[in-house]
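Undergrad: Take this sequence and fold it.
(chains A and B)
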Amino acid sequence: MKTRMDPVRTIGVLAFAVASFLVGARLLLLARRTRELPELAVGLALVLAGGAGYALMFASARLAPEPATAGAFAALGALSLNAGAVSLWFFTWRVFRPESAWAAVLVAAAAAAAGSSYLHELLTTGFAFRSFQGVWYWSGFAARLLCFGWAALESLRYWAMMRRRARLGLAEPLLANRFLLWALAAAGAVAIWAVVGWNLLQGSNQPTGGLFENDAALLVSGFGLASALALWLAFFPPLAYRRRFDAVPLAAARGGVRG
Amino acid sequence: MGQARSFEWVADALERETDLARLEARGTVRLALKRAGLEARTVTSWQMQVVLRRVLPEELRRRGVEQGNALCERLAAHLPDSETSDANAPEAVFRRLAGEL
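TA: As a prediction, this is how the structure comes out:
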């Protein structure tokens, strides 16, 4: 039974990891062309936190043949997840709250939490034995979960603004929809991390936080699939999806309404 | 960071040409911008023109300002073309992220 269920349990997280990796890689290529920080930050966040981080953690749990190798995979995975989380904090700050002092302080605090949590585990256990307890672990966990939560909230707030603009012809409906999709993708990641947190609080000591080991795995798979779909539609919208928004005309051409 | 020039220009004009006090004039423009999904800090001239023609007249009518439509139309026609879209505004970034350069 377990063997038959495993693909169902893993497909959502796998889809999320693959979508994150592909979209992130494309955004990094874009960043190389535009030389703009937001593209670089969100590209790194997706490749490291959504793609490589999950893959390395999965490898440490399932594929590594011995504890030392598993520890090395876990150390790399945790580094990837934390670096990706910091990139996402940075992206949300620079895009949605660039002038805000409190947002700058929040991002600095999150980066400090993620960095110190990682260093603490590296220097104490070397990731050979995963301890999911204590303030060091949970401060890093919070930084990894809340980066997606903040991204979702800011994007939802902006989506509401863009919808009002779209009604007046001040924004393209497809562009407004992109903020909703990004919020949904981030919310899916929050849900995945929340399940991990719940499992750890229930005593799971699996390196992947019990993502694939209990009944909640089906829920996680659903969140992963939904998140992957939202991410894909946001940044690779197929023609059929774009056409849904073509029927809504812009009342004012971008750049001016005089005349 | 201060407010956008078009915001200041419209708020000053309302204060000058209506009975609204300074705070009332600025608050009225802010409310109109909020209804349009915009912010006083980042609104551009062309966005303000749409707000002047489509949103602000209603806000002025609610505050008992007569001839609000005509006033807003006049302001829209004379609004200095001072700001262009910010390349780092969220909408500009999200447009780029989908490859719409």
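
Undergrad: tell me which element B:L52 is part of?
TA: Secondary structure here is read from DSSP states H and E; on that basis B:L52 sits in helix B:45-54.

Undergrad: just how off-centre is that helix within its chain?
TA: 6 Å (CA atoms, centre = their mean, to the nearest Å).

Undergrad: how about that helix against chain A, any contact?
TA: Yes. Using CB under 8 Å from any CB of the partner chain, a contact is recorded between helix B:45-54 and chain A, made by B:W46, B:Q47, B:Q49, B:V50, B:V51, B:R53, B:R54. To be clear about C-beta, it is placed using only N, CA and C from the backbone, and glycine gets the same treatment.

Undergrad: Check which helices and strands that helix is in contact with.
TA: When contacts are defined as 3 or more CB pairs under 8 Å, 6 or more residues apart in numbering or on different chains; DSSP states H and E, helix B:45-54 sits against helix B:5-17, helix B:68-78.

Undergrad: What about contact with chain A: does the helix or strand following the shortest one have any residue there?
TA: The element immediately downstream of helix B:68-78 (helix or strand, assigned by DSSP H and E) is helix B:90-97. Yes. Using CB under 8 Å from any CB as the criterion, contacts between helix B:90-97 and chain A involve B:P90, B:E91, B:V93, B:F94, B:R95, B:R96, B:L97.

Undergrad: go on, stretch B:58-66?
TA: No. When contact is scored as CB under 8 Å from any CB, no part of stretch B:58-66 falls within range of chain A; the minimum is 12.2 Å.

Undergrad: So what touches that stretch?
TA: With CB atoms under 8 Å, 6 or more residues apart in numbering or on different chains as the test, stretch B:58-66 has contacts from B:L14, B:T18, B:D19, B:L20, B:E24, B:T28, B:L31, B:A32, B:R35, B:G68, B:L71, B:C72.

Undergrad: what's the answer for stretch A:16-36, then?
TA: Contact partners of stretch A:16-36, identified using CB under 8 Å, 6+ apart, comprise A:39-40, A:42-52, A:54-55, A:58, A:188-189, A:192, A:223-225, A:227-229, A:231-232, A:235-236, B:88, B:93, B:96-97, B:99, B:101.

Undergrad: cutoff 7 Å now
TA: With CB atoms under 7 Å, 6 or more residues apart in numbering or on different chains as the test, stretch A:16-36 has contacts from A:39-40, A:42-43, A:46-47, A:50-51, A:54-55, A:224, A:227-228, A:231-232, A:235-236, B:96-97.

Undergrad: Okay, buried residues for the helix or strand hosting A:G53 please.
TA: A:G53 is located in helix A:53-62, with elements delineated by DSSP H and E. Neighbour counts using 16 or more other CB atoms under 10 Å in any protein chain shown place A:G53, A:Y54, A:A55, A:L56, A:M57, A:F58, A:A59, A:S60, A:A61 of helix A:53-62 among the buried residues.

Undergrad: Sounds good, over and out.
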